[in-house]
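Asker: Got a predicted model here, sequence first, then my questions.
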Amino acid sequence: MEKLVDKGDLTNKKVLVIDDETYIRDSIRSFLEDFGYNVAEAENGLDAMSVFDQYLPDIILCDLRMPEMDGFEVLARVVNKSPDIPIVIISGAANISDTVDALRLGAWDYIIKPIQDMTVLLHSVEKCLERSHLFKEKERYQKSLETANSQLVQSFKVLKKTRDKLVQSEKMAALGGLVAGVAHEINTPVGIAITAASFLKEKTVSVENLLASGDLKKSDLESYLQNMAEVSHSILMNMERAAALIKSFKQVAVDQTIEEKRIFNFKKYLQDVLITLKPGYRHRPQIVIEIKCRDDIEVNSYPGAFSQIFSNLVMNSLIHGFKEKQAGKIVFDISSIGNRLEMRYRDTGSGMTEEQIKKVFDPFFTTIRGQGGTGLGMSVVFNLVTQTLKGAIDCRSVSGEWSEFHIAVPDIVTAEP
């Protein structure tokens, strides 16, 4: 008789035959053992449950009509204990309702006695074992997927935390540069004011001495008053300049450290950010920054995110775009369509190659590795635009000529002309 599966596949496969007729148990055992199965027997359901616990079969062949405990009870108990173990009902009761009840209780197959062709039994056993194997493989695969998914979720959380730390680190680095730059910028008007105040003090002491000695002339007083008017004007102008710088710095610095949503005038805010960035390009007067934006565009968004975007774009241009060029132009072209904000940022620097364009938003990608470049600037911009602002950004460039970033942010514009 030709076997349906390889003998090696049946190694250690255990069958429990439950039937109250000895000759049926013997014939099934003898037949299955010829095909490499290990067979245990039980003459009723009650004995079968004891054998089941000790033998732990891979498949059960069970009669329905038996003393002590019938096949339905065996079926119910086994399914409750081990629902993945196949049970094939072998019964002479050719009653369709018994078949339906057995299958409903969890039987995998139903064979009518007497078995005229034992290959039918063999086929049923092999198919049930194959199905059982597939179920177990599916279970293992599902558990493996669940484990992998859990690990993936954990890795994603770690990655997100790492990204947030990197972004925060970049924010703090940008803020540190902002502080240093603004401090340097404020030194000029404050220094002028101190010099002027010192000069005014000397003149005042001189006039007081003349007045005390009785040598004060009208011309001395007129000269003193004229100097006082000029110097006080100089002090006032420089202090107003320093106050404007401090105000811009304060708002931008607060926005960079506190991620709060608020309504602000887009053009005015961009101008404030550029004031804080001025120390980075004041020594390069041939680089001109132009803003094309209506005065009335009001947005309800995260100013700190925009501050970082503006800063990183400008610094990227200064460090990379104008590395080889001493002169050029940076243009912010801002418009609104409905409540969507559109911003095109372009510099006339050295541009990028196709390969650089593909990697421009990749974390740690930089063309000046080892020269102070972290490669995080444009990655931070990408995350701020897509994650914080829920917008989109893309890049175009012509190598040697220009680079352009197009940013679109939905649902933030609050005022239209």
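Answerer: Great, that's in hand. Computed from a predicted model, the values in this text were never measured in an experiment.

Asker: per-residue confidence at Val179?
Answerer: We have a pLDDT of 57 for Val179.

Asker: Confirm Ser397 sits in a strand?
Answerer: Yes: per DSSP: H, G, I helix; E, B strand; the rest coil, Ser397 lies within a strand segment.

Asker: what bridges to it?
Answerer: Taking DSSP bridges as the rule, Ser397 bridges to Ser403.

Asker: Could you pull up the contacting residues of it?
Answerer: Ser397 is in contact with 351-352, 356-357, 403-404, counting by CB atoms under 8 Å, 6 or more residues apart in numbering. From N, CA and C alone the C-beta is placed, and that goes for glycine too.

Asker: Next, find the distance separating it from Asp26.
Answerer: 85 Å (CB to CB, to the nearest Å).

Asker: for the stretch 51-200 of the chain, which spans come out with low pLDDT?
Answerer: 93-95, 163-189 (pLDDT under 70).

Asker: which stretches of it form helices?
Answerer: For the stretch 51-200 of the chain, applying DSSP state H, counting those that start in this stretch gives helices covering 71-81, 96-105, 118-213.

Asker: got the angle for the shortest one vs helix 71-81?
Answerer: It refers to helix 96-105. Helix 96-105 runs at 10 degrees relative to helix 71-81, counting by axes from the mean of the first three to the mean of the last three CA atoms, to 10 degrees.

Asker: How far away from the center of its chain is helix 96-105?
Answerer: Taking the mean of its C-alpha atoms, helix 96-105 sits 53 Å from the chain's own mean (CA atoms, centre = their mean, to the nearest Å).

Asker: wait, what's in contact with Leu200?
Answerer: 227-228, 231-232, 235.

Asker: Just name the closest of those to Asp101, please.
Answerer: Ile235 (103.1 Å; CB to CB).

Asker: which stretches of the stretch 251-400 of the chain have low pLDDT?
Answerer: 251-259, 279-280, 364-365, 367-376.

Asker: which residue ranges form the strands in it?
Answerer: All strands of the stretch 251-400 of the chain, identified by DSSP state E, counting those that start in this stretch, fall at 262-265, 287-292, 298-301, 328-337, 340-347, 392-398.

Asker: Give me the contact list for the fifth one.
Answerer: Strand 340-347 is touched from outside by 266, 297, 299, 313, 317, 321-322, 328-336, 402-413, with contacts defined as CB under 8 Å, 6+ apart.

Asker: That one pairs with which strands, parallel or anti?
Answerer: strand 328-337 (antiparallel), strand 402-409 (antiparallel).

Asker: sorry, back to before: could you save the strands of the stretch 251-400 of the chain as CSV and add columns showing distance to Asp84?
Answerer: Shown next, in CSV, are these (distance: least, CB to CB, whole Å):
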stretch, distance to Asp84
strand 262-265, 60
strand 287-292, 70
strand 298-301, 56
strand 328-337, 60
strand 340-347, 56
strand 392-398, 50
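
Asker: Of those, which is nearest Val100?
Answerer: strand 392-398 (59.5 Å).

Asker: Centre-most residue in this protein?
Answerer: With distances taken as CA atoms, centre = their mean, the residue of the chain nearest its centroid is Lys160 (5.6 Å).

Asker: Give me the domain ranges for the protein.
Answerer: 7-116, 259-417 (automatic domain parsing).

Asker: Turn these into CSV, including distance to Leu216.
Answerer: Below are the domains of the chain laid out as CSV (distance: least, CB to CB, whole Å):
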stretch, distance to Leu216
domain 7-116, 113
domain 259-417, 45
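
Asker: Can you measure across stretch 294-308, start residue to end residue?
Answerer: 21 Å (CA to CA, to the nearest Å).

Asker: and that stretch, how far from the chain's centre?
Answerer: 24 Å.

Asker: Okay then, goodbye and thanks.
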